[in-house]
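[1] Have a look; sequence and predicted model below, questions after that.
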Amino acid sequence: MWVWMIAGGVGVIAIASFFRAPGLNDTRGRLRGILAWIYIVFGGVHITEPLRFLPIMPPLIPHPEGVVIFTGICEVLGGIGLLLPATRRWAGIALAAYAVCVFPANLYHAFGHVVVEGLPSSWWYHGPRLLFQPVIVWWALFSGNVISWPFEPNRPDFTRAPGAGLAGGGHAGAASALANDEGGPGVAVDAPLDPEPPR
């Protein structure tokens with residue numbers, strides 16, 4: 001069921017981006033919407049059906065059922081946080097860290113030959129799944145506007161206060177500040193100011 005929910009959500013996002021819905025009219029926005037929906041759906045499954053995920057919990061983890069429910073709450077909150085501009089960056093960082101923290105469970109699932117209802121048990125699934133984990137980390141950081149690689153060469157400068165470039169560089173500083181505020185490359189073109197007309 002959750003597979004169809006994810007597929008349906010991705011379809012809705014694709015249709016909305018085709019009609020250039022706000023927030024879904026560029027690559028980052030579309031990837032953000034898909035990742036947020038995946039985390040919200042999977043988080044809901046973790047919360048409502050925690051017993052399905054108990055087999056992949058490593059034996060050393062205490063209170064495994066509670067941990068599964070907690071991870072589901074984290075996934076739902078992280079997915080919602082990606083959709084809200086005020087929390088987007090921190091949600092991206094948190095979901096990237098979350099993907100790293102749950103990786104031992106993925107390894108245990110693969111190498112422990114654990115069978116989980118609704119999931120394949122062959123290496124045709126486990127191999128790509130394990131290799132895809134770094135992509136999920138990148139995906140979260142990219143969706144949260146933390147990094148822009150590889151689509152843009154320069155990383156946004158989070159150390160400069162908004163509008164700082166306006167005071168220091170005229171038209172060039174304004175262009176750089178606006179580009180950084182939008183999550184763009186922040187590349188400004190220095191152009192000379194128009195000379196004063198002769199009197």
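    Yep, that arrived.
[2] among the helices and strands of this protein, which has the poorest mean pLDDT?
    Lowest on mean pLDDT, DSSP states H and E among the helices and strands of the chain sits helix 164-181, with a mean of 45.
[3] Give me the phi and psi for P58.
    phi -60, psi 150 (degrees, to the nearest 10).
[4] repeat for P62
    Dihedral pair for P62: phi -80, psi 150, per degrees, to the nearest 10.
[5] For it, give its distance to G8.
    36 Å (C-beta to C-beta, to the nearest Å). Heads up, the C-betas are built off the backbone N, CA and C, glycines and all.
[6] Of the two, which one has the most company?
    G8 (12 against 7; other C-beta atoms under 10 Å).
[7] so after the helix or strand hosting that one, what's the next helix or strand?
    Counting by DSSP states H and E, the element that carries G8 is helix 2-18. Downstream of helix 2-18, the next assigned helix or strand under DSSP H and E is helix 27-48.
[8] which parts of that next one are buried?
    28-47 (16 or more other C-beta atoms under 10 Å).
[9] Put the alpha carbons of that helix into PDB.
    Presented in PDB, the C-alpha positions along helix 27-48 are these (Å, rounded to 0.1, in the frame of the first residue of the first chain):
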ATOM      1  CA  THR A  27      15.000  20.800 -10.000                       C
ATOM      2  CA  ARG A  28      15.600  21.500  -6.300                       C
ATOM      3  CA  GLY A  29      11.900  22.100  -5.600                       C
ATOM      4  CA  ARG A  30      10.800  18.900  -7.400                       C
ATOM      5  CA  LEU A  31      13.400  16.800  -5.600                       C
ATOM      6  CA  ARG A  32      12.500  18.400  -2.300                       C
ATOM      7  CA  GLY A  33       8.800  17.600  -2.800                       C
ATOM      8  CA  ILE A  34       9.500  14.000  -3.600                       C
ATOM      9  CA  LEU A  35      11.800  13.500  -0.700                       C
ATOM     10  CA  ALA A  36       9.400  15.100   1.700                       C
ATOM     11  CA  TRP A  37       6.600  12.900   0.600                       C
ATOM     12  CA  ILE A  38       8.700   9.800   0.800                       C
ATOM     13  CA  TYR A  39       9.700  10.600   4.400                       C
ATOM     14  CA  ILE A  40       6.200  11.500   5.400                       C
ATOM     15  CA  VAL A  41       4.800   8.200   4.000                       C
ATOM     16  CA  PHE A  42       7.500   6.000   5.400                       C
ATOM     17  CA  GLY A  43       7.300   7.800   8.800                       C
ATOM     18  CA  GLY A  44       3.600   7.200   8.900                       C
ATOM     19  CA  VAL A  45       4.200   3.400   8.300                       C
ATOM     20  CA  HIS A  46       6.800   3.300  11.000                       C
ATOM     21  CA  ILE A  47       4.400   4.900  13.500                       C
ATOM     22  CA  THR A  48       1.300   2.800  12.600                       C
END
